[in-house]
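Asker: 3D model of this:
(chains A, B, C and D)
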2 protein chains.
Amino acid sequence: MKAASLRARIRAEMTDEIKAVALRHLATDGANLSLRAVARDLGMASSAVYRYFASRDELLTAIIIDAYDHLGATAEAVPRDGSYPEQWLAVCHAVREWALANVHQWALIYGSPVPGYQAPNDTISSATRVVLTLARIVQDAAAAGQADAGEPVTGPLAEDLQAVASFAGPAVAPQLAGRTMAGWLQLNGAISAELFGQLNNTITARREFFEFQMRGTASWIGLSEVGLRES
Amino acid sequence: MKAASLRARIRAEMTDEIKAVALRHLATDGANLSLRAVARDLGMASSAVYRYFASRDELLTAIIIDAYDHLGATAEAVPRDGSYPEQWLAVCHAVREWALANVHQWALIYGSPVPGYQAPNDTISSATRVVLTLARIVQDAAAAGQADAGEPVTGPLAEDLQAVASFAGPAVAPQLAGRTMAGWLQLNGAISAELFGQLNNTITARREFFEFQMRGTASWIGLSEVGLRES
DNA sequence: CCATATCAAGAGCACTGCTCTTGACTTTCG
DNA sequence: CGAAAGTCAAGAGCAGTGCTCTTGATATGG
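Answerer: Numbering: from 1, shown residues only, chains lettered A, B, ... in the order given. The predicted structure follows:
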């Protein structure tokens, strides 16, 4: 057992090392990651890397899952102090700062999908951690009667939002789930726009503009400014 | 003159043909466009293509500019009927439908930037056509006293928004310019999210959800529901 | 008419992802 | 303990890529 786990441990270390070097390459060279280049950096033959990742896409998938989890953990670690809009803003800023610090990983998970890549099911649980963090705030606010998302929705969208609401929690009405989901997309869009150069030559006060947007989102969702004490 | 313009015309035709084939390849193979494959499809040597585009990036740049102009023209061609929120929604839907019909071109201009690519100045005039179309609606609404964007902004962001407002028109206050800009980013984010798979396994009524979002955006900008006659 | 500019084609370089084979090493089991 | 089986690293090799350079053909303009 010990011996077997030893080899497994070496393998795990090697896998992590490859991912680490790949991340470094990703940070400098951008999205076109070269498997041969990381192998060269590791001092081994390119064919040896294929024992750990069956293809370049598989390496990218591993990095993507790590990025989802890293970002998700960052969002979940935000302390929940102050009013609900303040909590919302705190998570938004945490997500933005993670994105600013990990531009290429953000581009990998939320930018244009890489051509041949198909997201395996392993990613979806990691991918939903941020939006679930946001949903938890809205759920608590709604349970406290401090989230008002306006008129109910009708039509075919109502069913979709009903399903989404069931994930968010019992206090979340479909229209509130819809606005929460849309709010997450607005957060996502605001960050992507900033990162992908949409604000160049236009907005210099990036953080202020981002907060300007997210305040609007929070008020649209209907989060009210009443404070909250923890315990 | 005739002879010279003949060769110039042939060159222009050849350039267009290369772009057309490249667009076809882009639609099928995705973002990793192969110059050699395009040359093969055209029945000529790959080196010959370099007489028309100095590099693959230059070909991509040409396609990007065309995409910006195509999308911009689509947005500008939307008839301006009905109330201001209706006009806003009409442009939003037109942009979305263009994006759905030209996924890869949308990804090229609004997705993660391609690694070595730097946007030349030629693109910025074409790139701003959509947001200027939106700004024109807001400007007209504001001039008619039918756009209320809430409290003025303060701090360093105010200067940025003042400059943005000067592009939008005299009736647009800085905070209104900010919300218009943010509204454009929300439109952009909503479309990118739909196209890039963020809505998979969640929202099936895509068009309805999009309209749900853009109605929220329009109301946040403060566009009022009063109708408008075009004389 | 002839010098000049433009063009298409091919060879070639360095790089990529990926496969296959070979040889060394480790684990497992009879 | 020793042989069989599994795991691993390395190298060669294939097909593809962007891009450069050279060569020869063609068209343009003085």
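Asker: for the nearest residue to residue A:192 once chain neighbours are set aside, what are its contacts?
Answerer: The spatial neighbour of residue A:192 that comes closest, neighbours along the chain excluded (C-beta to C-beta, 6 or more residues apart in numbering or on different chains), is residue A:110 at 5.9 Å. To be clear about C-beta, it is placed using only N, CA and C from the backbone, and glycine gets the same treatment. Each residue near residue A:110 by C-beta atoms under 8 Å, 6 or more residues apart in numbering or on different chains is listed here: A:188, A:191-192, B:196, B:198.
Asker: against DNA strand C, how distant is residue A:110?
Answerer: Applying C-beta to the nearest atom of the strand, to the nearest Å, the value for residue A:110 to DNA strand C is 22 Å.
Asker: give me the domain ranges for chain A.
Answerer: For chain A, automatic domain parsing gives the domain ranges A:1-53, A:67-221.
Asker: downstream neighbour of the host helix or strand of residue A:126 in the secondary structure list?
Answerer: Per DSSP states H and E, residue A:126 falls inside helix A:122-127. Later in the chain than helix A:122-127, the nearest helix or strand by DSSP H and E is helix A:129-143.
Asker: up against DNA strand D, what does chain A have?
Answerer: Within reach of DNA strand D by C-beta under 7 Å from any atom of the strand, chain A has these residues: A:7, A:11, A:14, A:43-48, A:51-52.
Asker: at 6 Å what do you get?
Answerer: Within chain A, the residues that sit near DNA strand D (C-beta under 6 Å from any atom of the strand) are A:7, A:11, A:14, A:44-45, A:47-48, A:51.
Asker: just those residues that are near chain B?
Answerer: With C-beta under 8 Å from any C-beta of the partner chain as the criterion, the residues of chain A next to DNA strand D include none near chain B.
Asker: what's the closest of those to residue B:165?
Answerer: Distance ranking of these against residue B:165, using C-beta to C-beta, places residue A:14 first at 56.1 Å.
Asker: surely that closest one touches residue A:48?
Answerer: No. Contact criterion C-beta atoms under 8 Å: residue A:14 and residue A:48 do not qualify, at 9.2 Å.
Asker: who has more neighbours, those two?
Answerer: residue A:14 (16 against 12; other C-beta atoms under 10 Å in any protein chain shown).
Asker: check contacts around that one.
Answerer: By C-beta under 8 Å, 6+ apart, the contact list for residue A:14 reads residue A:52.
Asker: can you pull the pLDDT of the nearest residue to residue A:187 once chain neighbours are set aside?
Answerer: Residue nearest to residue A:187 in three dimensions, not counting chain neighbours: residue A:92, with 5.4 Å by C-beta to C-beta, 6+ apart. Predicted confidence (pLDDT) for residue A:92: 98.
Asker: measure how buried residue A:92 is and give me the count.
Answerer: Neighbour number of residue A:92 under other C-beta under 10 Å is 26.
Asker: tell me the contacts of residue A:147?
Answerer: A:84, A:138, A:141, A:176, A:221-224.
Asker: swap the cut-off to 6 Å and go again
Answerer: Residue A:147 sits next to A:138, A:141, A:222-223 when contact means C-beta atoms under 6 Å, 6 or more residues apart in numbering or on different chains.
Asker: could you dump those to TSV with distance to residue A:212?
Answerer: Putting the contacts of residue A:147 into TSV (distance: C-beta to C-beta, whole Å) gives the following:
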residue	distance to residue A:212
A:138	20
A:141	21
A:222	18
A:223	16
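Asker: what comes up buried for the longest helix seen in chain A?
Answerer: Ranked by residue count, the top helix of chain A under DSSP state H comes out as helix A:2-29. Under the neighbour-count criterion of 16 or more other C-beta atoms under 10 Å in any protein chain shown, helix A:2-29 has A:14, A:18-19, A:21-23, A:25-26 buried.
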